[in-house]
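S.K.: A predicted structure for the sequence below; I have some questions about it.
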Amino acid sequence: MENERKRIYVADDDDNIRQIVKTFLFSDGYAVEDFPTGDLLLERFRQEPCDLAILDVMMPGSDGFTVCTELRKLSTVPIIMLTARDSENDYAMGLGLGSDDYITKPFSAMALLMRVRAIFRRIDFESQKREMPAAAAVSVGRLTLDEDRRHILGSGKPLPLTPTEYEVLKYLMLRADQAVSREELLNSVWGFEAVVETRATDDTVRRLRQKLEGCGVNIAAVWGYGFRLEETK
């Protein structure tokens, strides 16, 4: 199976939830390790990085937000946050710290599995493209997209982008000066419809704006619609 080499780490202090998530992911062909705390997951990650991390927010010791921050210092590994708190502030904080998705408990294990598949589908698609003949580089302002190496250069230096940030910025670069709706980004980048809400796109764009300073571009908001990548002077 194409998934069998992909390793997923799951941290949640609820034994029940951890077991359900592990069972669903394992049955889909993933190698899964689970941890009752985020600190144990982080310790394991430092020994051997995984391909995707799933973090509960409220855990003994370091909470999920803290672990997400520490993982981002080490890697751009995809991160999905789980939380029992249905709060917009928590949602924004998780995405703002660099997580790729955010799911509120109670949740469907199948819905989580679909989101995991969507993240890996994007990564696998990019890997397959690297095996194809080299494509011409795309430049906007001082940004240069190199799809074969799966990175974007800003003023000649690779930008530290998470997989989701890379996909969003690439999508906007390929449609520079065009208005792109939030729904279009959700469908094309996240791989599913507005179930993740528009905050996913808004917070990813906010993080990108910070990383694009000095690159001669701006992600402009198109009121009531979406975004447009524009060159600046």
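M.R.: Received it, and whenever you're ready, just let me know what you need.

S.K.: Please compute how far the helix or strand hosting I103 lies from its chain's middle.
M.R.: Counting by DSSP states H and E, the element that carries I103 is strand 101-104. Strand 101-104 sits 11 Å away from the centroid of its parent chain (CA atoms, centre = their mean, to the nearest Å).

S.K.: okay, now the domains of this structure?
M.R.: The record, using automatic domain parsing to delimit domains, assigns the chain the ranges 7-126, 133-231.

S.K.: want to throw these into JSON lines with mean neighbour count and mean pLDDT?
M.R.: C-beta: built from backbone N, CA, C; applies to glycine. Converted to JSON lines, those look like this (neighbours: other CB atoms under 10 Å; pLDDT from 0 to 100):
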{"stretch": "domain 7-126", "mean neighbour count": "18", "mean pLDDT": "86"}
{"stretch": "domain 133-231", "mean neighbour count": "17", "mean pLDDT": "82"}
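
S.K.: related to what we said a few turns ago, would you give the sheet partners of the strand holding I103, along with the direction of each?
M.R.: With DSSP bridges as the test, strand 101-104 is paired with strand 79-83 (parallel).

S.K.: And stretch 222-233, end to end?
M.R.: Across stretch 222-233, the terminal residues are separated by 20 Å (CA to CA, to the nearest Å).

S.K.: scratch that, stretch 56-71 is what I was asking about
M.R.: By CA to CA, one end of stretch 56-71 lies 14 Å from the other end.

S.K.: Give me the contacts around it.
M.R.: Contacts to stretch 56-71, defined as CB atoms under 8 Å, 6 or more residues apart in numbering, come from residues 11-14, 17, 36-39, 41-42, 45, 53, 55, 77, 79, 81-85, 90, 93-94, 97-99.

S.K.: Just give me the residue closest to the centre of the protein.
M.R.: Nearest to the mean C-alpha position of the chain, by CA atoms, centre = their mean, lies D100 at 2.6 Å.

S.K.: Just give me the longest helix of the chain.
M.R.: When the chain is parsed with DSSP state H, its longest helix is helix 109-130.

S.K.: ok, then the element right after it?
M.R.: Remark: after helix 109-130, the chain's next helix or strand is strand 138-140, criterion DSSP H and E.

S.K.: Could you list the paired strands of that following strand along with their orientation?
M.R.: Using DSSP bridges, the strands paired with strand 138-140 are strand 143-146 (antiparallel).

S.K.: Now the strand it pairs with - C-alpha only, PDB.
M.R.: Only the C-alpha atoms of strand 143-146 are listed here, as PDB (Å, rounded to 0.1, in the frame of the first residue of the first chain):
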ATOM      1  CA  LEU A 143       9.500  35.100  -5.400                       C
ATOM      2  CA  THR A 144      10.500  32.200  -7.500                       C
ATOM      3  CA  LEU A 145       8.600  28.900  -7.500                       C
ATOM      4  CA  ASP A 146      10.600  25.700  -8.200                       C
END
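
S.K.: what's that strand in contact with?
M.R.: Under CB under 8 Å, 6+ apart, the answer for strand 143-146 is 137-139, 152-154, 156, 169-170, 173-174, 212, 215-217.

S.K.: These in helices, which ones?
M.R.: Filtering the contacts of strand 143-146 for helices - DSSP H - leaves 169-170, 173.
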